[in-house]
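Student: Build me a model from this:
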Amino acid sequence: QPPPTAEQSTQPPLQPPSRQISPPSLSPGMTGVDVAEYGAVPKGAMGSGPMTRARKGASWWEGFSTVIKSVVGSGILALPVAFKETGLALGATCILIFAFISLYSHRIIILTIRALREQGKGPANGEIEFQDMCNLTFGRYGEGISAFAAISTQLGGCIAFLVFIGENVRDATGFSTTVVVASLIPILIAMAMIRDASVFAPMSHVGNAALVLAVATVFWYGFSESPPRDVSSYEQMRLNGLPIFFGIGVYTFSAHLEVVSIEQAMVNREEFLSVLDWAFVLISLLYFAFGALCYMFFAEETSDIIFENLGSSKFVNFVKVCICVCLLVQYPIVLLPASRTIEDLLDVRRHAVGSFTTRTALVLFTVALAVLIPSFEIITSFVGAFSNGVVAFVLPPLCYVAHVTTVGGFEAGCNWLMAFFGVTASVYSSVMVLYCLFNPSSGFC
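Tutor: Below is the predicted model:
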């Protein structure tokens, strides 16, 4: 090609005609808040670009609803026994402290991710996941720790589901927990082979309705059959119950992996902190009322699965069945991300036999532990202390101090203290829960 002439070389390059580009209009049907990898998390249209750009996604109210669905789950049914373990006054104090610290830990995760976006780290669309945040802070070791905590949390949740189902079906049918859980193996394996969690999306709304029905049923039975007595008649403080309460408290308030995805799906990500604040206010009031009132209904007779205190009427059995069916459908949704992560580690996701073997082994593992440890209280408290404690109280403050440049000396010290508390409390609570598992008659337990 001949070189350009002098006249051609002095001409300015051609520019495309300028025009005003308006952001796409948002329609109510474009959001799609649904069940995805970690349970109830948003999925669907998420635009790329800066946080301030108008994007198709979830509105404030949809984000608010999804946060509540992500936090409130079967763990709420373990709160009454947590109050029983610590006493009424100490339990009420602990639930308020947990609400405050849990809200703070969720907030600093979002603030850390925003700081990483502003520093140009992570993908261009700003979709930084929890494990990405840990990787950018501690390298592959941080990502490995967060991945292990996530996997153990998800598998622990599946075990808790099976224990809950086994004990409730046992009460309704008379079959042993072992027989009930073992009979579910073919169904669990078949559901574990489904690779698209959106197949179970419609059941998320049914599950929410069943949980509301369960809470309402407990309140109705308690106020009508066993109303609260004078506050002074209850045990007020049991310090030896703190390890159990710590595990259950962390378990019930934890949605640290999910809130990252929810924030990414917001139309306006800047609104998400206010979504978190108001959602946690409502959740805290619900947890406080449910845990305290149920303990006041049944006092020292409070069971680790609260339905066992409601008798065996046809309506109560109906509610139990509804909850069990919803947890059964939730099982493969919670198992899916753990399955994918382990398949990637073993490099078998694209191999049919390897994938089938891996998922079958995970199902059998959860079934075996549900049979060996048929205690909803022990499972939820151990998973909360051992796995959720690291995700909630250790990694977030360390990542926050490392990346947010506006943190002052006092706040940095508080975050280091929070991380130290998280490590200490998680280790101590995990050890004591295991001790109580093997020594249930001990005076400490």
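Student: Where does pLDDT dip in the stretch 251-400 of the chain?
Tutor: Counting by pLDDT under 70, not a single residue of the stretch 251-400 of the chain qualifies.
Student: can you tell me which residues contact residue 392?
Tutor: Counting by Cβ atoms under 8 Å, 6 or more residues apart in numbering, residue 392 touches 102, 105, 250, 253, 254, 256, 422. Using the backbone N, CA and C atoms, a C-beta is placed for each residue, glycine as well.
Student: Hmm, the fourth one is touching residue 70, no?
Tutor: Going back to what we said before, that points to residue 253. No. Between residue 253 and residue 70 there is no contact, the gap being 10.9 Å when judged by Cβ atoms under 8 Å.
Student: And those two? Which one has more around it.
Tutor: Neighbours per residue (other Cβ atoms under 10 Å) separate residue 253 from residue 70, with residue 253 holding more: 26 against 22.
Student: How many neighbouring residues does the nearest residue in space to the more buried one that is not next to it in sequence have?
Tutor: Residue nearest to residue 253 in three dimensions, not counting chain neighbours: residue 102, with 3.8 Å by Cβ to Cβ, 6 or more residues apart in numbering. Neighbourhood size, residue 102 [other Cβ under 10 Å]: 24.
Student: In contact with residue 102, which residues?
Tutor: 250, 253, 254, 280, 392.
Student: Check which helix or strand the fourth one maps to.
Tutor: The one in question is residue 280. helix 272-298 (DSSP states H and E).
Student: What is that helix packed up against?
Tutor: Applying 3 or more Cβ pairs under 8 Å, 6 or more residues apart in numbering; DSSP states H and E, one finds that helix 272-298 contacts helix 60-71, helix 79-86, helix 88-118, helix 201-225, helix 242-253, helix 256-264.
Student: Which positions in that helix come out as buried?
Tutor: 272, 275-276, 279-280, 283-284, 286-288, 290-298 (16 or more other Cβ atoms under 10 Å).
Student: Next: stretch 325-343.
Tutor: Here stretch 325-343 shows 326-343 as buried, counting by 16+ other Cβ under 10 Å.
Student: Give me the nearest residue to residue 271, chain neighbours excluded.
Tutor: Per Cβ to Cβ, 6+ apart, closest to residue 271 is residue 60, 5.4 Å.
Student: Any idea how many residues pack against that neighbour?
Tutor: Neighbours of residue 60 (other Cβ under 10 Å): 15.
Student: List the contacts of it.
Tutor: 266, 268, 271, 274, 275.
Student: With respect to residue 361, which of those residues is nearest?
Tutor: residue 266 (37.4 Å; Cβ to Cβ).
Student: Now for the closest one: which residues touch it?
Tutor: Contacts of residue 266 by Cβ under 8 Å, 6+ apart are 57, 58, 60, 63, 272, 275.
Student: Would you reformat the residues you listed as CSV and include distance to residue 312?
Tutor: Output for the contacts of residue 266, formatted as CSV (distance: Cβ to Cβ, whole Å):
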residue, distance to residue 312
57, 46
58, 41
60, 43
63, 40
272, 44
275, 41
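Student: Out of those, which is nearest to residue 121?
Tutor: Out of the contacts of residue 266, the member with the shortest distance to residue 121 (by Cβ to Cβ) is residue 272, at 19.1 Å.
Student: ok, the nearest residue to the closest one once chain neighbours are set aside to residue 276 distance?
Tutor: The spatial neighbour of residue 272 that comes closest, neighbours along the chain excluded (Cβ to Cβ, 6+ apart), is residue 263 at 4.4 Å. Distance of residue 263 to residue 276, computed by Cβ to Cβ, to the nearest Å: 9 Å.
Student: what does residue 148 give?
Tutor: Distance from residue 148 to residue 276, by Cβ to Cβ: 26 Å.
Student: again with residue 249
Tutor: On the measure of Cβ to Cβ, residue 249 and residue 276 end up 18 Å apart.
Student: all helices of the stretch 301-445 of the chain, in order?
Tutor: 314-346, 352-372, 376-383, 389, 395-403, 409-438 (DSSP state H, counting those that start in this stretch).
Student: Against which helices or strands is the last one packed?
Tutor: Packing contacts for helix 409-438, counted by 3+ Cβ pairs under 8 Å, 6+ apart, involve helix 88-118, helix 242-253, helix 376-383, helix 389, helix 395-403.
Student: so how far is that helix off the chain centroid?
Tutor: Relative to its parent chain, helix 409-438 has a centroid offset of 19 Å by Cα atoms, centre = their mean, to the nearest Å.
Student: Can you work out which residues contact both of residue 263 and residue 276?
Tutor: With Cβ under 8 Å, 6+ apart as the test, residue 263 and residue 276 both reach residue 110.
Student: Run through the stretch 1-150 of the chain and note the low-pLDDT ranges.
Tutor: 1-56.
Student: rerun that using 50 as the cut-off
Tutor: 6-55 (pLDDT under 50).
Student: picking that back up, need the helices of the stretch 301-445 of the chain in CSV with distance to residue 84, can you?
Tutor: Shown next, in CSV, are the helices of the stretch 301-445 of the chain (distance: least, Cβ to Cβ, whole Å):
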stretch, distance to residue 84
helix 314-346, 20
helix 352-372, 23
helix 376-383, 9
helix 389, 21
helix 395-403, 30
helix 409-438, 14
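Student: of all those, which lies closest to residue 96?
Tutor: Of all those, helix 409-438 comes closest under Cβ to Cβ, at 16.4 Å.
Student: for the record, mean pLDDT for the closest one?
Tutor: Across helix 409-438, pLDDT averages out at 92.
Student: do stretch 211-222 as well
Tutor: So the average pLDDT for stretch 211-222 ends up being 89.
Student: how much space is there between residue 396 and residue 390?
Tutor: 10 Å.
Student: one step back: out of the helices of the stretch 301-445 of the chain, which gets nearest to residue 211?
Tutor: Residue 211 lies closest, by Cβ to Cβ, to one member of the helices of the stretch 301-445 of the chain: helix 314-346, at 7.2 Å.
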